[in-house]
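Peer 1: I'll drop the sequence and a predicted model, then ask my questions.
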Amino acid sequence: MIQIVLRGLFVLMTAMVAGMYALRSFSDSAQKLLLSIGSAMLIAGLIVLADIFTPRKRLSSLSGAFFGLLVGMLAAYSLSFIIDYISTLFPVRSELMEGAKVFTGVVCVFAAISMILQTKDDFRFVIPYVEFAKQIRGNRPMLLDTSAIIDGRILDIGQTQIIQGLLIVPRFVLNEMQTIADSADKLKRARGRRGLDIVAKLQANPTLDISIEDAEAEGATVDQKLVSLAQDLHARIITTDFNLTKVAELRGVDVININTLAEAMRPVVLPGELLSVRVVKPGESPGQGVGYLEDGTMVVVENARPHIGHDIALTVTSSLQTAAGRMIFGKLASDNDPKQG
């Protein structure tokens, strides 16, 4: 509402200012007076339309354009002296010289603005402590990837109240989940709907600060857009996608991989500790039995094949960290050893 009133006042003030000056210049011609007011309102209307169709403006771009304008005007002012000196050496009509100054000013302003907008990220190397980027204070925002939302564990993590920063779900991520939810494949459709349900539950959590980001980002794929948006917002990415994690790290974006987080949260077991596990299948070596802890950690137990389908007690002998996760090796405790009668 405030924006509508502001735009209306802008058009009205433009018409009033144009009318005041036109009244002094064309007081004897009502047609020229109305033409001046109409032209001013048309220009104001075009400016308002440009403002409406660019709702997402970046402060860094605006500040860069303003700084480029100042630099361009300063360069044009300096070059005007050279043009005046040339006019004393080679007599030229004054109208032509004025036109040359205006043309030089336009070229200088355009070149300065274009150069600064294209190099604003590196501008601090030219002038130390000058940077066209917003400073992030407090907790950095976190962008949710499609894979992290559909995975669902982000909902459980949020309920622990460990997340303090702003969670951002980009609009293009929502669109991707909507596309998956509309898929003809039953499994994909279920995954897409699950992702949309997870977003709704995250929004309903009173302890989480979550928002939908409508800004577009550069990139042909959702992953590329996500990395670009994270760079623009100085945000971190939450994902379960291994490839996205690697690409983001190569581009200097911090990533929180839920799988890595889950791996880090698994309890540490030491040799000699007692564990209880259900043997579910035989191992690769003769006599071995394989079971799994509640967190999914594989446990390989020597001489446990006769106990498949039963809970056993075991003593940890060693553990091994692999690319697929951690494996625990153990042997039967004395009360489960078939040799103990």
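Peer 2: Now that the structure is in, tell me what you want to look at.
Peer 1: wasn't Val268 part of a strand?
Peer 2: No: secondary structure of Val268 (DSSP: H, G, I helix; E, B strand; the rest coil): coil, not part of a strand.
Peer 1: any idea how far it lies from Thr317?
Peer 2: Val268 sits at a distance of 15 Å from Thr317 (criterion: Cβ to Cβ, to the nearest Å). (Each C-beta comes from the backbone N, C-alpha and C, glycine too.)
Peer 1: and the two? Which one has more around it.
Peer 2: Per other Cβ atoms under 10 Å, whichever of Val268 and Thr317 has more neighbours is Thr317, with 14 against 7.
Peer 1: now do the strands in the protein.
Peer 2: All strands of the chain, identified by DSSP state E, fall at 142-144, 166-170, 209-213, 236-239, 255-257, 274-282, 289-292, 298-302, 311-322, 325-332.
Peer 1: check which residues of the longest one are buried.
Peer 2: So that's strand 311-322. Under the neighbour-count criterion of 16 or more other Cβ atoms under 10 Å, strand 311-322 has Ile312, Ala313, Leu314, Thr315, Val316, Ser319 buried.
Peer 1: and that strand with strand 274-282, angle?
Peer 2: 80 degrees (axes from the mean of the first three to the mean of the last three Cα atoms, to 10 degrees).
Peer 1: alpha carbons only: can I get strand 311-322 in CSV?
Peer 2: Output of strand 311-322 as CSV, limited to C-alpha atoms (Å, rounded to 0.1, in the frame of the first residue of the first chain):
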residue,chain,number,x,y,z
ASP,A,311,19.5,-60.9,19.5
ILE,A,312,23.0,-61.5,20.8
ALA,A,313,25.6,-59.8,23.0
LEU,A,314,29.0,-59.1,21.6
THR,A,315,32.3,-57.7,22.5
VAL,A,316,33.7,-55.0,20.2
THR,A,317,37.1,-55.9,18.9
SER,A,318,37.7,-53.0,16.3
SER,A,319,36.0,-50.5,14.1
LEU,A,320,36.6,-49.4,10.5
GLN,A,321,35.7,-46.1,8.8
THR,A,322,34.8,-46.5,5.1
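Peer 1: and it, which strands flank it?
Peer 2: Neighbouring strands of strand 311-322 in its sheet, by DSSP bridges, are strand 274-282 (antiparallel), strand 325-332 (antiparallel).
Peer 1: report the rounded mean pLDDT for the last one.
Peer 2: I take that to be strand 325-332. The average of the pLDDT scores along strand 325-332 is 86.
Peer 1: distance from that strand to the middle of the chain?
Peer 2: Here the centre of strand 325-332 is set off from its chain's centre by 40 Å, with Cα atoms, centre = their mean, to the nearest Å.
Peer 1: how about stretch 250-261?
Peer 2: On Cα atoms, centre = their mean, the centre of stretch 250-261 falls 13 Å from the chain's centre.
Peer 1: tell me the buried residues in that stretch?
Peer 2: For stretch 250-261, burial by neighbour count (16+ other Cβ under 10 Å) applies to Val253, Val255, Ile256, Asn257, Ile258, Asn259.
Peer 1: kindly reformat those residues as CSV containing pLDDT and distance to Leu117.
Peer 2: Compiled in CSV, the buried residues of stretch 250-261 are given as follows (pLDDT from 0 to 100; distance: Cβ to Cβ, whole Å):
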residue, pLDDT, distance to Leu117
Val253, 87, 22
Val255, 89, 28
Ile256, 88, 32
Asn257, 88, 34
Ile258, 88, 37
Asn259, 84, 39
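Peer 1: quick one: Ile116 and Val71 touch, right?
Peer 2: Yes: using Cβ atoms under 8 Å, Ile116 is in contact with Val71, at 7.2 Å.
Peer 1: higher neighbour count, these two?
Peer 2: With neighbours defined as other Cβ under 10 Å, Ile116 and Val71 compare such that Ile116 has more, 22 against 17.
Peer 1: find the nearest non-adjacent residue to that one, please.
Peer 2: Among residues not flanking Ile116 along the chain, Gly68 sits closest, at 4.2 Å (Cβ to Cβ, 6 or more residues apart in numbering).
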